[in-house]
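Undergrad: Please work out how this folds:
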Amino acid sequence: MTNAQEVIDIDSDGSNDEEDTEFNTFESSAAYMKPSRSNFFSRLNNTVKDDEGPEKIWVQTIDWMVKENKTDHFTDQYDNKRLILRRGKEFKMKLKLDKEFDPTKHSIVFSFYTGDKPSISKGTLCTLQETQKLNNKEWGCVLEKHEGEEITFRMMTSVSAPVGYYKVLIESICSVSGSPGSPNITKITCPEEIFVLFNCWCPEDSVFLEDEAQRQEYVLNDTGLIWVGTYRDFEPIPWNFGQYEVCVLECAVYLLSNANLAVAARSDPVKLTRALSALVNSNDEGGMLWGRWTETYPPNSTDPTEWVGSVEILRQYLLNEEPVRYGQCWVFSGVLTTLLRCLGVPARCVTNFESGHDTDCSYSIDCHYDVEGNPVDELDDSIWNFHVWNEAWFKRHDLPPGYDGWQAVDATPQEASESIMRCGPCPVKAIKQGDVYLPYDCGFLFAEVNGDRIWWKVEKDGSMTVEYIDRNCIGKSISTKAVGSDEREDLTTSYKHEDGSNEEENVISKVNQFGSRKEWTTKKVNKDIQVELGHETAIMGSEIKIPIQLTNTNSKSSRTVSLSAHIKCAAYTGRTDNKQPLIKTVTNVLELSKSESDTLTISLLPDEYLKKIRAGSTLRMFLQLSVQETKQVYATQETFLVKKGSGVMVTCSKTTVKQYEEFDVTCSYTNTTSTKLTRSYFYLEGPGIRRSKKLYCGTVQPGSTIERTLNLSAYRVGERVLFVKFCNSKIPNAIEKVKIVVEEAEPTEVI
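TA: Take a look at the predicted model:
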């Protein structure tokens, strides 16, 4: 309940100090009864204050019925005292006047406006008079009841209203029958703004999502999982989206204010999502997060592997008003998910393993090796072990029918789109169908999941020939968190047809018509040598074995196979460091009798790789073979994740607590590596739990265990998740989570 007279001071000249603008020369609001001719800024800055005139009526208090409305609009979890509404849905509010309301001579008019230059024609200003019924296609107001000085209204925002903060002007009009002159008008600007979000519960909204379980997961769930690793050996890491934290909504508004996006365009999820994909990275438009892919990071910055959620990033950006350092793909994706869910757009993180990075609009990925079978890394396009982007759910009114639903959007700065580092939104259906000409960035996304890897042989004079084309290596095990559980949902068939199918061949043929280069072909030779790479989980400090099975499928002739394998340390982006020495090189010649199989096992001993592998790195093997009799050529790259073990354990003194009740959290980490871990700390963060904390541990010796205890409290009711991460540059993804049930405190218990 807000006392309007205590907050708003109306000067003797009729102006409102809080809303003073340069528009103070427009006509009087006496023309108000004809809204189409009235001027909003005139009404905002002028009011009749003639004490000798007709009877006046004043607003005493404004009650937005925040608790009831936020519960009804599924916004009660937001840590924001303002009223937060989902557009196109009814809400209620009450006014208390200084005298009894008489509908025969009294009326109330509301003006909702957003942006610096509100305009009726742009949909950023709406003036509401009482109507008979509400229609979510437009703003509306119905007088529900009046009892003495108190009146209650039912209201509705338009289902196409721009999202953002709205100020509200309330005009009280008193008309006296037979009285000369204009009606007497008083006005008040509400001291608190309201916020309007997208509404996935409303069938007429562009973001409408029919399934309630999906609404709960993709809009309301404030925690989640993001898959990382390799396509052979992947795992989820927990992420705190935290879209209800008080800084998140403020940060979303601040970001949009920096965007080159008209306020009216915020009504369109296509335009808004595209703008946010540019704003999350700091490359353009005053964005919020620097990307960096290096082995070490400077002081007073954060290694991307140390973040456990979006909230602290958003808080730092809002506090300092400068880009936060640093992020990588899963961090950009996590932050974008937070912002979209906060604004009401259904969103999820999506991981693509063996993700191609096309740099020349050819829709293919180029790799190179020399005449001796050595990889020529500096010429290659990259293939990331994994890459994380987002999907957002909405209709595409800007495209022909058939492209509604999940849209791929990526905030990681990779390639410029229309001169700005952003990507999407692009219909997932368009990616699968190879409609690479559709907006936005469909061709780039297609290459990420379904590009051909083209192997070039580089001659000594620099000339090149295409030796081998691998059509089935890009885009594997595309993953997201399943609805309502911590299981993995496989999205691969949403992005591409089955490898080798007729449908896929038709799509590839269509795509090649639009590429920057022709479709490459290779010499037709017998391909009777089949290659299969085995896989064993690699544990840091143990011997690593990589079996390579070769099979001669020819039942009549033997084959002579020359093989070379090169193993290096590589970042998850697929880039190898040419300054780092090779870990191992193996060459061999195998004689395979007709229909014979043979297995060559490459073994890496700890002494061969421990001092060469870097934190967060993987082992990447380049394998090339040629068959003497048929001239068959085969080439591939395989990535092996070396696991270091989590070692994190978390216990809470209580699993059920009251709001604001303190409880102890004990964190421990066991160093299972053979290396001492310096400058280590525990990082704790969770939605609805008091500010994130760091607990410094110093040095953790090999084989030893470190333990720390911290006192916390939670303020949001429901099941809460606390994330605890052991942070050290040599140990990525050492994270654990624990669930705590928070019960509502009695009024006398609230501090």
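
Undergrad: now Ile108, which residues is it bridged with?
TA: Taking DSSP bridges as the rule, Ile108 bridges to Ser172.

Undergrad: With Gly698 instead?
TA: Counting by DSSP bridges, Gly698 is bridged to Ser680.

Undergrad: 43 is where my numbering starts, stick with that
TA: Happy to do that; since the first residue is 43 now, the last one works out to Gly740.

Undergrad: Ser722 is in contact with that one, correct?
TA: Yes: between Gly740 and Ser722 there is a contact under Cβ atoms under 8 Å: 6.9 Å. For glycine as for every other residue, the C-beta is placed from the backbone atoms N, C-alpha and C.

Undergrad: where do the contact lists of these two overlap?
TA: Residues touching both Gly740 and Ser722 (Cβ atoms under 8 Å, 6 or more residues apart in numbering): Ile748.

Undergrad: The two: which has the busier surroundings?
TA: Ser722 (22 against 10; other Cβ atoms under 10 Å).

Undergrad: can you tell me which residues contact the more buried one?
TA: Contact analysis of Ser722 by Cβ under 8 Å, 6+ apart lists Tyr711, Tyr738, Cys739, Gly740, Thr741, Val742, Ile748, Phe768, Cys769, Asn770.

Undergrad: Off-centre distance for stretch 391-406?
TA: From the chain centre to the centre of stretch 391-406 is a distance of 18 Å (Cα atoms, centre = their mean, to the nearest Å).

Undergrad: So for it, what gets flagged as buried?
TA: The neighbour-count criterion (16 or more other Cβ atoms under 10 Å) identifies 391-400, 404-406 as the buried residues of stretch 391-406.

Undergrad: Max pairwise distance over those residues: which two?
TA: Farthest pair in the buried residues of stretch 391-406 (Cβ to Cβ) is Cys391 and Ser404. Separation: 28.0 Å.

Undergrad: re earlier: so which of the buried residues of stretch 391-406 are in strands?
TA: Mapping the buried residues of stretch 391-406 onto strands (DSSP state E) picks out Cys391, Val392, Thr393, Asn394, Phe395, Glu396, Ser397, Gly398, Ser406.

Undergrad: doesn't Lys518 make contact with the fifth one?
TA: Yes: Phe395 is within contact range of Lys518, at 4.7 Å (criterion: Cβ under 8 Å).

Undergrad: what touches both of the two?
TA: Common neighbours of Phe395 and Lys518 (Cβ under 8 Å, 6+ apart) are Tyr273.

Undergrad: if you skip the residues just before and after it, what's nearest to Ser536?
TA: Distance criterion Cβ to Cβ, 6 or more residues apart in numbering; nearest residue to Ser536, sequence neighbours excluded, is Val470 at 5.5 Å.

Undergrad: wait, what's in contact with the one you found?
TA: Val470 sits next to Glu433, Gly447, Trp448, Gln449, Ala450, Ser536, Tyr537 when contact means Cβ under 8 Å, 6+ apart.

Undergrad: which of those residues are buried?
TA: The buried subset of the contacts of Val470 - by 16+ other Cβ under 10 Å - is Glu433, Trp448, Gln449, Ala450, Ser536, Tyr537.

Undergrad: Low-confidence ranges, the stretch 543-692 of the chain, go.
TA: Across the stretch 543-692 of the chain, residues meeting the criterion (pLDDT under 70) sit at 560-567, 619-623, 656-658, 687-688.

Undergrad: give me the number of residues near the residue lying closest to Met197 once chain neighbours are set aside?
TA: Among residues not flanking Met197 along the chain, Cys183 sits closest, at 5.1 Å (Cβ to Cβ, 6+ apart). Neighbour count of Cys183, defined by other Cβ under 10 Å: 21.

Undergrad: send the alpha carbons of stretch 311-329 over as PDB?
TA: Provided in PDB are the C-alpha atoms of stretch 311-329 (Å, rounded to 0.1, in the frame of the first residue of the first chain):
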ATOM      1  CA  PRO A 311      10.900 -11.700 -29.000                       C
ATOM      2  CA  VAL A 312      12.800 -12.100 -32.300                       C
ATOM      3  CA  LYS A 313      14.300  -8.600 -32.100                       C
ATOM      4  CA  LEU A 314      14.800  -8.600 -28.300                       C
ATOM      5  CA  THR A 315      16.600 -12.000 -28.400                       C
ATOM      6  CA  ARG A 316      18.800 -11.000 -31.200                       C
ATOM      7  CA  ALA A 317      19.700  -7.800 -29.300                       C
ATOM      8  CA  LEU A 318      20.500  -9.700 -26.200                       C
ATOM      9  CA  SER A 319      22.800 -12.100 -28.100                       C
ATOM     10  CA  ALA A 320      24.900  -9.100 -28.900                       C
ATOM     11  CA  LEU A 321      24.700  -7.500 -25.500                       C
ATOM     12  CA  VAL A 322      25.800 -10.500 -23.400                       C
ATOM     13  CA  ASN A 323      29.300 -10.400 -25.000                       C
ATOM     14  CA  SER A 324      31.300  -7.200 -24.800                       C
ATOM     15  CA  ASN A 325      32.500  -7.000 -28.400                       C
ATOM     16  CA  ASP A 326      29.800  -4.500 -29.400                       C
ATOM     17  CA  GLU A 327      27.000  -2.300 -28.100                       C
ATOM     18  CA  GLY A 328      28.300  -1.900 -24.500                       C
ATOM     19  CA  GLY A 329      28.000  -5.600 -23.700                       C
END
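
Undergrad: hang on, the earlier thing: possible to save the buried residues of stretch 391-406 as CSV with distance to Ser217 and pLDDT?
TA: What follows is those, written out as CSV (distance: Cβ to Cβ, whole Å; pLDDT from 0 to 100):
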residue, distance to Ser217, pLDDT
Cys391, 57, 98
Val392, 59, 98
Thr393, 64, 98
Asn394, 65, 98
Phe395, 70, 97
Glu396, 73, 96
Ser397, 67, 97
Gly398, 70, 96
His399, 69, 95
Asp400, 68, 91
Ser404, 72, 88
Tyr405, 69, 90
Ser406, 74, 90
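
Undergrad: nearest to Val707, of the residues you listed?
TA: Cys391 (26.2 Å).

Undergrad: I figured that closest one hits Gly376, correct?
TA: Yes: judged on Cβ under 8 Å, Cys391 makes contact with Gly376 at a distance of 6.4 Å.

Undergrad: hey, what's in contact with both of the two?
TA: In contact with both Cys391 and Gly376: Ile268, Trp281, using Cβ under 8 Å, 6+ apart.

Undergrad: name the element Ala472 belongs to?
TA: Ala472 belongs to helix 470-475 when assigned by DSSP states H and E.

Undergrad: Check Leu605 too.
TA: Going by DSSP H and E, Leu605 is part of strand 601-612.

Undergrad: quick one on the thing from earlier: quick one: which of the contacts of Val470 sit in helices?
TA: Secondary structure from DSSP state H places Ser536, Tyr537 of these in helices.

Undergrad: which residues touch Val249?
TA: Val249 sits next to Phe240, Asn241, Cys242, Pro311, Gly386, Val387, Pro388, Trp435, Phe436, Lys437 when contact means Cβ under 8 Å, 6+ apart.

Undergrad: would it count as being in a strand?
TA: No: with DSSP: H, G, I helix; E, B strand; the rest coil as the criterion, Val249 is coil rather than part of a strand.

Undergrad: Next, work out how far apart it and Glu433 are.
TA: Distance of Val249 to Glu433, computed by Cβ to Cβ, to the nearest Å: 13 Å.

Undergrad: Pull out the buried residues from stretch 451-470.
TA: Applying 16+ other Cβ under 10 Å to stretch 451-470 flags 451-456, 459, 462-470 as buried.
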